[in-house]
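Peer 1: My questions are about this predicted structure, shown below with the sequence.
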Amino acid sequence: MGTALGNHILVEFMNCDPHIMNDVVAIERDMVGAAQKAGATVINSTFHHFSPYGVSGVVVIQESHLAIHTWPEYGYAAVDLFTCGEMNAWISFDHLKECFGAKSYSAIELKRGSLNLLQRNDFDISTMRSRAAEWRNPDFYTRNVWFTDKDEDQALSLRFTGEVFFDVQSPFQRVRILESNKYGKLLALDDMVMTTEKDEFHYHEMISHPALFTIGAAKNILVIGGGDGGTVREVLRHPSVEKVTMVEIDGAVIDACKEHLPAIAASFDHPKLELIVDDGIEFLKNASAGSYDLIIVDGSDPVGPAEGLFSVSFYTNCYNALKENGILVAQGESPKFNEKAFAELNHTLQDIFGKDNAPVSLFFVPTYPTGMWSFQYGLKNIAHPKSIDKAESIDAFVAQEGLRYYNSDIHIGSFATPNFVKQLLKK
Ligand code: SPD
């Protein structure tokens, strides 16, 4: 043993690549790699991404720990390499410098636990021996990496395995397929969860079946967005449907889901589907009046490419493209997460379709922030969905198709709104 128990290198990595500094997956991989390269035994890694910027994480090693905090907006990482024993932490330093693309850096090396200052006191550990003998050192290390979908005040975090199946920066957004521990693979656009293998049915059954049963025998359907394919999969369960046109702006989303979420992207080869990779907002500007029984807007949140899906002109074009007795259903955001977007969208629909023709359907998605989410309706000369009397045929369809969220009770119940929601919807 040298003159101290531990060695601590405090590192400033500066002018790093900001994208790497904000990439929790890459940073976890590089920190674990840095430990392993220096010969350390990794016990555990815990990493968090903070939205919109920053990553914090620790790799616990048999020889102590490596820790990091990043500020991507400054291209900066504060790194601690604390080691004991023979491990050479400068190997870890070199590895990280390379991985982070740090153009400048500084480091201070400190001895920790100076043996000149410490006195050894051996103590009796015999009572712990039997328990210690039972313990098996696992030959794997646990990972604790979290994907967080959040605004400034609220978040929904999903622990994921660290597996990244798809990660492409398309012209519109960052498209990723990650593997979560609880909900299977998930599609994330930028830093927002869009859908997961285990709870996608909540969303896709509710965006399609209540409207289709309300219309009765819908033939011609338009889906804007919905690149994962779940919405068209559900719409195509209805035998009356003759044609579905789907317009998705981002081909990378379709590619990612076809390859990695095949159970959701199950109907892209259906003969009744026309798939168009283009801008849905432009498509609707040119759509013929009175064409569609149902228009579904399966867009993402009102940032990035989906921003225009929350505008008055877009919904006016939807109204015009609907047949008489047609329905619009739009992804309506959350009355608990983004109240403003939720209320504004409803006010827009009230203005276009009429005050009493813009009902809201609430449903539960465990992987969206707050869990409470909505679809918002525009009814064009058609009765309110909750007034239909089709329980028997709905439940027969539900049983035949093996649906897992929607049924005749939910059809009615989802249109019931709590008082705070009624308040938000008031103009
Ligand atoms: N915050 C999530 C908003 C929902 C966006 N659409 C999900 C796509 C599922 N087809």
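Peer 2: Yes, it's here.
Peer 1: Could you check how many residues crowd around the residue in the stretch 1-150 of the chain positioned nearest to the ligand?
Peer 2: At 6.8 Å from the ligand, Asp149 is the closest residue in the stretch 1-150 of the chain, using Cβ to the nearest ligand atom. Just so you know, the C-beta spots here come from the backbone N, C-alpha and C atoms, and that holds for glycine as well. Neighbourhood size, Asp149 [other Cβ atoms under 10 Å]: 22.
Peer 1: ditto for Asp269
Peer 2: 9.
Peer 1: That one: what's it in contact with?
Peer 2: Contacts here follow Cβ atoms under 8 Å, 6 or more residues apart in numbering; on that basis Asp269 touches nothing.
Peer 1: Can you classify it as helix, strand or coil?
Peer 2: Of the three states, Asp269 takes coil under DSSP: H, G, I helix; E, B strand; the rest coil.
Peer 1: what's the pLDDT at it?
Peer 2: Listed pLDDT for Asp269 reads 98.
Peer 1: let's number from 587 now, not from 1
Peer 2: Fine by me, first position is 587 from now on; the one you just mentioned is Asp855.
Peer 1: thinking again about what came up before, quick one: the residue of the stretch 587-736 of the chain closest to the ligand is in a strand?
Peer 2: Yes - residue state for Asp735 (three-state DSSP) corresponds to a strand.
Peer 1: For it, which residues count as its bridge partners?
Peer 2: Leu742 (DSSP bridges).
Peer 1: likewise Gly912?
Peer 2: Beta-bridge pairing of Gly912, defined through DSSP bridges, involves Lys966.
Peer 1: what pLDDT does it get?
Peer 2: Gly912 carries a pLDDT value of 98.
Peer 1: same check, this time on Ala719
Peer 2: With respect to pLDDT, Ala719 scores 48.
Peer 1: hang on, Val731 is in a strand, isn't it?
Peer 2: Yes - under three-state DSSP, Val731 falls within a strand.
Peer 1: Just list the residues touching it, thanks.
Peer 2: Contacts of Val731 by Cβ under 8 Å, 6+ apart are Val610, Val611, Glu614, Ser631, Thr632, Phe633, His634, Arg745, Phe746, Thr747, Gly748.
Peer 1: For the stretch 787-936 of the chain, list the residues in contact with the ligand, please.
Peer 2: When proximity is defined as Cβ under 6 Å from any ligand atom, the stretch 787-936 of the chain approaches the ligand at Tyr789, Gly812, Asp814, Gly816, Thr817, Asp884, Ser886, Asp887, Gln917.
Peer 1: What's the separation between the first one and Val641?
Peer 2: Using Cβ to Cβ, to the nearest Å, one obtains 29 Å as the distance from Tyr789 to Val641.
Peer 1: Arg615: how many residues sit nearby?
Peer 2: Arg615 has 17 neighbours, counted by other Cβ under 10 Å.
Peer 1: Confirm for me that Tyr878 is in contact with Ile807.
Peer 2: Yes - look at Tyr878 against Ile807 with Cβ atoms under 8 Å: they come within range, at 6.4 Å.
Peer 1: Settle it for me: which of the two has more neighbours?
Peer 2: A direct count of neighbours by other Cβ under 10 Å for Tyr878 and Ile807 places Ile807 higher, at 27 against 24.
Peer 1: Give me the packing partners of the strand or helix carrying the more buried one, helices and strands only.
Peer 2: Ile807 is part of strand 806-811 when elements are defined by DSSP states H and E. Judged by 3 or more Cβ pairs under 8 Å, 6 or more residues apart in numbering; DSSP states H and E, the packing partners of strand 806-811 are helix 816-821, strand 829-834, helix 866-871, strand 878-884.
Peer 1: gap between the longest one and the chain center?
Peer 2: Taking Cα atoms, centre = their mean, to the nearest Å, one finds the center of strand 878-884 at 24 Å from the center of the full chain.
Peer 1: Sheet-wise, list the partners of that strand with their directions.
Peer 2: Partner strands and pairing direction for strand 878-884 (DSSP bridges) are strand 806-811 (parallel), strand 908-917 (parallel).
Peer 1: Output the helix or strand following that strand as CSV, nothing but the C-alphas.
Peer 2: Downstream of strand 878-884, the first helix or strand assigned by DSSP H and E is helix 898-907. Output of helix 898-907 as CSV, limited to C-alpha atoms (Å, rounded to 0.1, in the frame of the first residue of the first chain):
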residue,chain,number,x,y,z
VAL,A,898,-56.5,27.0,-36.6
SER,A,899,-55.8,26.8,-40.4
PHE,A,900,-54.9,23.1,-40.1
TYR,A,901,-58.2,22.2,-38.3
THR,A,902,-60.2,24.4,-40.7
ASN,A,903,-58.7,22.3,-43.6
CYS,A,904,-59.7,19.2,-41.7
TYR,A,905,-63.2,20.4,-41.3
ASN,A,906,-63.5,21.1,-45.0
ALA,A,907,-62.0,17.7,-45.9
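Peer 1: Now do stretch 942-962: distance to the chain's middle.
Peer 2: Centre-to-centre, stretch 942-962 and its host chain are 16 Å apart (Cα atoms, centre = their mean).
Peer 1: Residues contacting stretch 653-661, please?
Peer 2: Contacts for stretch 653-661 (Cβ under 8 Å, 6+ apart): 600-605, 607-608, 613, 617, 639-645, 662-666, 668.
Peer 1: Just the buried residues of that stretch, please?
Peer 2: Ala653, Ile654, Thr656, Trp657, Pro658, Gly661 (16 or more other Cβ atoms under 10 Å).
Peer 1: can you check stretch 769-781 too?
Peer 2: Neighbour count says stretch 769-781 has Tyr769, Lys771, Leu772, Leu773, Ala774, Leu775, Asp776, Asp777, Met778, Val779, Met780, Thr781 buried, by 16+ other Cβ under 10 Å.
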